[in-house]
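Visitor: quick one: sequence plus predicted model below, questions after.
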Amino acid sequence: MSWGFSIWLAWHYRFFSVAPEWFLAKTCDDCEGGYIIPAKNLIAGNDWVDENSQLSTARPRPPGHATILAGVVLAADKTGIPQKYMFRAFNIIIMASSATALFLLAGCFWDQKSSFVASTLWITSPFTLWFLNQTYSEIPFTLLYFLTIFATIHVIRAEDTSTGWWILIVGLLSGVAMMVRPFSIGVPLIISLSFVLMLNRASGMGAWTQIAKRVAILILGVALMTVPWSIFVHQQTGKWIFLTDGELTQNSIVNGVTFATRGEEYRKPIYLPSGARHLMESIDNAVVLKRQESRTKFTKITSIELLNLIAIEATKEKLGAFQLMGMKILRAWFGTDSHTYEASAATLMVFYGLLILGGFIGALRQRLVSIPVAALLVGLTLYFWSLSVLFEPLVRYMVPHLGLLFVIIPGLWRPNSNKNQILGGVSH
């Protein structure tokens, strides 16, 4: 394991020495205001506030990533190393750690050579390398996500019921991941469903009791990591929230239905069927009017009202709604905010998709996939895909989960490392 970490660490260090200037200078719109400034304010003793001295939830984000970056900023201040290079060093270490976690996860199913190949395919992917130059929240989230699924696989593979502490670890890791990226709020639900599919390992009336206990422990772990933030926000603002105040969700929903009609000053024009374009423009106008109305009445639009508004416009342009939905479903796997590099992203995704699909089919043919594990992988894929379709269809939402899917690629060329076991537990 240590040799793999060293190799991946050296690879990322070498990458920075040969990376083109445009990559090194690539900006991250969210990083400075959303994470770095709150991190600096936290060090200064001002709690989690932004450049306007507003609680960072108003931007709106939970403080997970800002808290992590506060440690990096503090280390840069203490050592005198420029923050830019300290951030890059942090990214290199965390991404190498993520590759190591993926290696351990793959090692549950394959031998070391195959596990190393799967991890190296992911760590050298352009999708992964894209995040290295800036303080993207995807960097720590990916590590937390891999560790969460590693612990979940341990629970699924266990032949006894003494997995309470492991389930608590799953909940704790899930909670921390949600504090870094609220986008993962539904991951514990998918994990719970995989626990339900383990019912056939229990017997009699105690089956559902056992599952209920596991889900309760999972929820406890999540709550331990997230509820303190809700209490803190309530103390500061008098409002109860879970993770964020909902503004981020609303902005993402609007961006998801206006990504071809807004931001034209920096976005590359893309092909859009006439019906879909007309629908986008109608929704854009309706949202603007609704927000003007809410400001006049000093009220706040809810996410439900926003979705209802979009649904009303979609019923007026059914063909456009069908076209737009089709585009969002596809673009979730290759779309970018600026609409650049999308042809390259789509080509790469087809290549990786074929490898993953081939590995999954190979594992199925060899009867190496248990029902709970198959449900976990498919469920998580559908979850992240669905959210990317609901919000702005961007491939960055799919990249962390894509790494998890790389684990099944070795099914293309070899059987399980232990023929008495199957991928993730006993097959039924």
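Guide: Received it, and whenever you're ready, just let me know what you need. Numbering: from 1, shown residues only.
Visitor: use CA for all of it now, contacts and neighbours both
Guide: Fine.
Visitor: quick one, helices of the stretch 1-150 of the chain?
Guide: Here the stretch 1-150 of the chain has its helices, by DSSP state H, counting those that start in this stretch, at 2-18, 21-24, 29-31, 37-43, 64-79, 83-107, 112-123, 126-129, 138-157.
Visitor: can you check the stretch 301-428 of the chain too?
Guide: 303-316, 318-331, 342-365, 371-390, 399-405.
Visitor: returning to that earlier point: which of the helices of the stretch 1-150 of the chain has the lowest mean pLDDT?
Guide: The weakest mean pLDDT among the helices of the stretch 1-150 of the chain belongs to helix 29-31, with a mean of 77.
Visitor: pull the distance from it to the chain's centre.
Guide: In terms of Cα atoms, centre = their mean, to the nearest Å, the centre of helix 29-31 is found 16 Å from the chain centre.
Visitor: the one helix or strand Asn285 maps to versus helix 303-316: what angle between them?
Guide: Taking DSSP states H and E as the definition, Asn285 sits inside helix 274-296. Orientation of helix 274-296 against helix 303-316 (axes from the mean of the first three to the mean of the last three Cα atoms, to 10 degrees) gives an angle of 140 degrees.
Visitor: what residue ranges in the protein score low on pLDDT?
Guide: Applying pLDDT under 70 to the chain flags the ranges 1, 47-60, 159-162, 199-206, 263-265, 297-299, 415-428.
Visitor: for the nearest residue to Ile217 once chain neighbours are set aside, grab the count of nearby residues.
Guide: Nearest residue to Ile217 in three dimensions, chain neighbours excluded: Leu168, at 5.6 Å (Cα to Cα, 6 or more residues apart in numbering). Neighbouring residues of Leu168 were enumerated by other Cα atoms under 10 Å; the total is 22.
Visitor: mind listing what Leu168 touches?
Guide: Leu168 is in contact with 217-218, 220-221, counting by Cα atoms under 8 Å, 6 or more residues apart in numbering.
Visitor: any idea how far the residue lying closest to Trp240 once chain neighbours are set aside is from Trp208?
Guide: Of all residues not flanking Trp240 in the chain, His234 sits nearest, at 5.3 Å (Cα to Cα, 6+ apart). Going from His234 to Trp208 by Cα to Cα, to the nearest Å gives 36 Å.
Visitor: does Asn133 really touch Phe23, like I thought?
Guide: Yes. With contact defined as Cα atoms under 8 Å, Asn133 counts as touching Phe23 (7.4 Å).
Visitor: next, count neighbours for Asn285.
Guide: 11.
Visitor: and the protein, what are its domains?
Guide: 1-136, 140-238 (automatic domain parsing).
Visitor: can you tell me which of these comes nearest to Lys300?
Guide: Across those, Lys300 has its closest neighbour in domain 1-136 (13.5 Å, Cα to Cα).
Visitor: would you mark the buried spots in the helix holding Asn285?
Guide: 275-284, 286-287, 290 (16 or more other Cα atoms under 10 Å).
Visitor: show the end-to-end separation of stretch 16-26, please.
Guide: 13 Å.
Visitor: which residues are contacting the helix holding Asn285?
Guide: By Cα under 8 Å, 6+ apart, the residues outside helix 274-296 that reach it are 254, 257-258, 260-261, 300-301, 306, 309-310, 313-314, 317, 319-324.
Visitor: make it 6 Å
Guide: 257-258, 300, 320, 323-324 (Cα atoms under 6 Å, 6 or more residues apart in numbering).
Visitor: which two of those residues have the greatest separation?
Guide: Between any two of these, the greatest separation by Cα to Cα is 30.4 Å, found for Lys300 and Gln323.
Visitor: which of these two has more neighbours?
Guide: Gln323 (18 against 13).
Visitor: any idea how far Ala44 is from the more buried one?
Guide: 50 Å.
Visitor: cool, Lys239 as well?
Guide: Distance from Lys239 to Ala44, by Cα to Cα: 25 Å.
Visitor: kindly report the same for Met327.
Guide: Distance of Met327 to Ala44, given as Cα to Cα: 45 Å.
Visitor: who has more neighbours, these two?
Guide: Neighbours per residue (other Cα under 10 Å) separate Met327 from Ala44, with Met327 holding more: 17 against 10.
Visitor: check contacts around the closest residue to Ile409 other than its chain neighbours.
Guide: Once flanking residues are discounted, Ile409 sits nearest to Gly359: 4.2 Å by Cα to Cα, 6+ apart. By Cα under 6 Å, 6+ apart, the contact set of Gly359 is 408-412.
Visitor: again, 8 Å this time
Guide: 408-413 are the contacts of Gly359 under Cα under 8 Å, 6+ apart.
Visitor: pick the one among these closest to Leu69.
Guide: Nearest to Leu69, judged by Cα to Cα, of the contacts of Gly359 is Ile408 at 32.4 Å.
Visitor: counting neighbours, what do you get for that closest one?
Guide: 26.
Visitor: can you tell me the closest non-neighbouring residue to it?
Guide: For Ile408, the spatially nearest residue (Cα to Cα, 6+ apart) is Gly359, at 5.4 Å.
Visitor: any idea how far Ala10 is from that neighbour?
Guide: According to Cα to Cα, Gly359 and Ala10 sit 28 Å apart.
Visitor: what of Phe146?
Guide: 21 Å.
Visitor: more crowded one of the two?
Guide: For Phe146 versus Ala10, neighbours defined as other Cα under 10 Å are more numerous around Phe146 (24 against 14).
Visitor: the more buried one touches Phe103, doesn't it?
Guide: No. Phe146 is not in contact with Phe103 according to Cα under 8 Å; the separation is 9.9 Å.
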